[in-house]
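> Sequence isn't available, so here's the structure alone:
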């Protein structure tokens, strides 16, 4: 693995080149749909809604799309204290605001992650715990995919976040899919904030895909694919990533690629519905 560009070296892992190519072709086809010429903003808005619904579903708040579309109250306790409404609301806020963080992401990725957590967790935690990495003695609330992993100690979290930020700021020749998968995997495995980390990880992946130019209009909701592939597959892929082995990391990237391909399929269905006048 190259010391100068370790992210780019991941692209040479078994099967990754094929994943990258299949994703690129699928995304290109989605952007080439005739609906995108005049109605791309509508596709982006619908992708944001569907991605948010799916991201919340990955946390266990699996609400029907029409319920998410209809509801306006996502405050703490709005669902009788079960917490699902606040998860859905947090996912919607992240999906709506992620695109506004591109410049911050490019110059200060840790600041962008803090902002994502602030958007997700405000009103659910004490103010001094929102938007900052957890400290010694603060046990994380594990999102479903990470429950089988032992949470790393706070001092390890800080070091690995700094390392991730340095890699991103140094620039890389790695394909966007690879960079986004690493960002997603690191944040999810580290659980850096101790709450809402799954939502933050998936939002950070979305920001990375937009920033790197693979999905500049954010029309391909990988979250939909993650939810469709299921919690067991998501958890298994994350465990493989956390192992740190070449095969494990390649398996995680392949899972992220499969999820993104399913997100592209969702987008294509949206475009077809708009073309028929059914959406």
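Yep, that arrived. All figures in this text were calculated on a predicted structure; none of them were measured in a lab. Residues are numbered from 1 along each chain as shown.
> Now stretch 267-279: buried residues?
267, 268, 270, 271, 274 (16 or more other Cβ atoms under 10 Å). Where you see a C-beta, it was placed from the backbone N, CA and C, and this is true even at glycine.
> what do you get for stretch 38-55?
Within stretch 38-55, judged by 16+ other Cβ under 10 Å, the buried ones are 39, 42-55.
> Can you tell me the element the spatially most central residue of the chain falls in?
Residue closest to the average C-alpha location in the chain (Cα atoms, centre = their mean): residue 202, at 1.5 Å. Assigning secondary structure by DSSP states H and E places residue 202 in helix 197-211.
> Does residue 214 touch residue 176 like I think?
Yes. Using Cβ atoms under 8 Å, residue 214 is in contact with residue 176, at 3.7 Å.
> packing partners for the helix or strand hosting residue 37?
Following DSSP H and E, one finds residue 37 within helix 36-58. In terms of contacts (3 or more Cβ pairs under 8 Å, 6 or more residues apart in numbering; DSSP states H and E), helix 36-58 is packed against helix 65-70, helix 84-97, helix 197-211, helix 222-229, helix 246-276.
> which stretches of the chain aren't confidently modelled?
1-3, 75-82, 278-279 (pLDDT under 70).
> and if we set it to 80?
1-3, 72-82, 123-128, 142-143, 278-279 (pLDDT under 80).
> Tell me the one of the buried residues of stretch 38-55 nearest residue 11?
For the buried residues of stretch 38-55, the closest approach to residue 11 (Cβ to Cβ) belongs to residue 51, at 25.1 Å.
> Identify the residues contacting the closest one.
95, 202, 206, 221, 222, 223, 224, 263 (Cβ atoms under 8 Å, 6 or more residues apart in numbering).
> Could you dump the residues you listed into TSV with distance to residue 138 added?
Shown next, in TSV, are these (distance: Cβ to Cβ, whole Å):
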residue	distance to residue 138
95	27
202	22
206	26
221	31
222	29
223	27
224	32
263	33
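> Ranking by neighbours, what's the top pick from the residues you listed?
Comparing the contacts of residue 51 by number of neighbours (other Cβ atoms under 10 Å), residue 202 comes first, having 33 neighbours.
> Now do the same contact list for the nearest residue to the residue nearest to the centre of the chain once chain neighbours are set aside.
In this structure, residue 202 finds its nearest non-sequential neighbour in residue 55, 4.8 Å apart by Cβ to Cβ, 6 or more residues apart in numbering. Contact partners of residue 55, counting by Cβ under 8 Å, 6+ apart, are 91, 94, 95, 198, 199, 202, 203, 223, 226, 227.
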